[in-house]
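Enquirer: Here's my sequence, what's the structure:
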Amino acid sequence: MMKPAAFCLLGFLVVLTGCRSVRPPETARGPHFRLMTYNVNWGGPSPMSAVEVIRREKPDIICLQETTADWEKLLRAALSRDYPYMSFRSSKGRAGGGLGFLSKTRPIETAYIPSDTGWFDGWIMSFSTDAGPVQVLNVHLRPPVSDRGSFGVSGYLFTDDDRQREIQRFYATGRADVPMIIAGDFNDSEGSGVLRWLKGKGMQNALPEFDRHTPTWEWQTSVITLRRRMDHIVYPPELYCYEARVVRAGESDHFPVVGVFGRRDEARITR
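Expert: Numbers count the residues shown, from 1 in each chain. Below is the predicted model of the structure:
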């Protein structure tokens, strides 16, 4: 017979495991599209490795952060056959502030929203996908850097409000009649104020549904490797996520995140 203490421990482990359970990825049976977000690193380490990742994953829509003129030139030369529609913008006065969209279908710009925090802009493009119209907000929110340039504790403690203000302002610019996905480098974790605010809007963070652990950012210091989950794909209730995962490839300090989406009503019928 199991002793009471052991029984309690087993119960605790069952509860803990249940709390950390994830959905298995599903094969999309209905109309769907594949979206990738990727902070390529404006310094451009081994840029052809990014091209290889994109070619292998074959997303329909790609949101890029930290693009530069050099990145644009490279991507247009290497991927224009696969992605006939490419758009790039640069945040004025901020290195690493470039944003890009690559897509297989022609996008329509909904809005380009200049930053009012002195950091990076937001950009919304609308796409016609197999699952219907969708708009995508590409973000690179304020890094956890204090006004004095500190990446330490003060950077995390005193910049969360700025990221929340940024996402609220960007979100409000979107069209109310088209489902919106928000993808990019949020510079914050899943428990952040930004993600809580979006959850309050009925939106769901795709990656934790399938994977609760894999970091999307790694940085090797002289002592340790720092790891965080800062890159997210957040989707609205009109859509259903079949799969989301981190692609541990490329030479950027960020890894790409890929999600597969369809209409929720279509997914309900085909499941």
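Enquirer: Please report how far the residue nearest to residue 206 when sequence neighbours are not counted lies from residue 88.
Expert: For residue 206, ignoring the flanking residues on the chain, the nearest one in space by C-beta to C-beta, 6 or more residues apart in numbering is residue 244 at 3.8 Å. Quick note: C-beta positions are derived from backbone N, CA and C, even for glycine. In this structure, residue 244 lies at 25 Å from residue 88, with C-beta to C-beta, to the nearest Å as the measure.
Enquirer: Mind checking which of the two has more residues around it?
Expert: Here residue 244 and residue 88 are set side by side on neighbour count (other C-beta atoms under 10 Å), and the busier one is residue 244, at 24 against 19.
Enquirer: circling back to that earlier point, just say helix, strand or coil for the residue nearest to residue 206.
Expert: strand (DSSP: H, G, I helix; E, B strand; the rest coil).
Enquirer: what does residue 266 give?
Expert: If you use three-state DSSP, then residue 266 falls in the helix class.
Enquirer: What score does it have for pLDDT?
Expert: The per-residue pLDDT reported for residue 266 equals 80.
Enquirer: all helices of the stretch 1-150 of the chain, in order?
Expert: In the stretch 1-150 of the chain, helices defined by DSSP state H, counting those that start in this stretch lie at 4-19, 47-57, 69-79, listed in chain order.
Enquirer: worst average pLDDT in these?
Expert: Mean pLDDT values for those show the minimum at helix 4-19, a mean of 39.
Enquirer: give the contact list for residue 159.
Expert: For residue 159, the contacting residues are 142-146, taking C-beta atoms under 8 Å, 6 or more residues apart in numbering as the criterion.
Enquirer: ok, the residue nearest to residue 115 when sequence neighbours are not counted to residue 58 distance?
Expert: Nearest-residue entry for residue 115: residue 121, 5.1 Å, with adjacent residues in sequence omitted and distances by C-beta to C-beta, 6+ apart. The span separating residue 121 from residue 58 equals 28 Å under the rule C-beta to C-beta.
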